[in-house]
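A.B. asks: sequence and predicted model, in that order:
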Amino acid sequence: MLESSQYIQMAVQLLESIAPLPEGVEAFLQKRLTVRSFAAKEYLLHAGDNSDRLSFVASGLVRIFSDTPSKLGASDKEVCNWFLMEGDVAISVESFFEQTVSEEYIQALEPTVTVSLSRDELADVYKRFPTFNYHGRILTQRYYVQAVRQLKALRYKRADDSYKYLAEQFPKILQRVPSRYLASYLGVNETYLSTLRSRNLIGP
């Protein structure tokens, strides 16, 4: 495992890939970015909590999922909403931006390391360094483009078309996400997912 300073530098490099950081921002962030390690199956966020940290996935894989309540009001089915890996930002969107409790869980599927900044700290960066708002805008744009692609994957009526779209756009997801969670995301059972794989559609 890398040193904490190395993970923080990875997050800084992500920001610098957007545009050179304004003078003073890197030093400011270095003092505030927090590195956390999560074991497989450990939760980054529970439903009912407030998503108050912007977390960059430095290494590993996480899933975002929610519970579907039954008619009796019991949560008896998990629905995978999306998967995030290295270079992605892990937040519960509504909770983070609206400052409400989350209806989603974020869980590590592999040993995972995140580099994060609290919502208040992020607001402080924007206030102290107004030009840094450009970096925030680009990151937000990237997140929502990915969200649109995610929705496209589920727009298809046929599961094999959705699988093919994932294989074309997100091949690493098919390679790394366990079958039970991928099946949940596609809305099929694991047996049918195995059938999709055996048809040798694009991807594994």
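C.D. replies: Yep, that arrived.
A.B. asks: where's residue 182 relative to residue 174, distance?
C.D. replies: 7 Å (CB to CB, to the nearest Å). Using the backbone N, CA and C atoms, a C-beta is placed for each residue, glycine as well.
A.B. asks: higher neighbour count, those two?
C.D. replies: residue 182 (22 against 18; other CB atoms under 10 Å).
A.B. asks: setting the sequence-adjacent residues aside, check what's closest to the more buried one.
C.D. replies: Spatially, and ignoring its direct neighbours in sequence, residue 182 is nearest to residue 193 (6.2 Å; CB to CB, 6 or more residues apart in numbering).
A.B. asks: which parts of the chain are strands?
C.D. replies: Using DSSP state E, the strands assigned to the chain run over residues 34-38, 43-45, 53-59, 61-69, 75-85, 89-90, 105-108, 112-118.
A.B. asks: could you list the buried residues of the worst-scoring helix or strand of the chain on mean pLDDT?
C.D. replies: Across the helices and strands of the chain, mean pLDDT, DSSP states H and E gives its lowest value to strand 75-85, namely a mean of 80. Neighbour-count burial for strand 75-85 flags 78, 80, 81, 82, 83, 84, 85 (criterion: 16 or more other CB atoms under 10 Å).
A.B. asks: contacts only, for residue 88.
C.D. replies: 56, 57, 146 (CB atoms under 8 Å, 6 or more residues apart in numbering).
A.B. asks: name all residues that make contact with the last one.
C.D. replies: Contacts of residue 146 were listed using CB under 8 Å, 6+ apart, and they are residue 88.
A.B. asks: quick one: low-confidence parts of this structure?
C.D. replies: Residue ranges of the chain with pLDDT under 70: 68-76, 155-157, 200-204.
A.B. asks: same thing but at 90, please
C.D. replies: 1-3, 67-82, 87, 93-94, 97, 139-170, 184-189, 196-204 (pLDDT under 90).
A.B. asks: what about the longest helix in it?
C.D. replies: helix 133-155 (DSSP state H).
A.B. asks: buried stuff in that helix?
C.D. replies: Here helix 133-155 shows 135, 139, 146, 150, 153 as buried, counting by 16+ other CB under 10 Å.
A.B. asks: the inter-axis angle of it versus strand 53-59?
C.D. replies: Using axes from the mean of the first three to the mean of the last three CA atoms, to 10 degrees, the direction of helix 133-155 lies 70 degrees away from that of strand 53-59.
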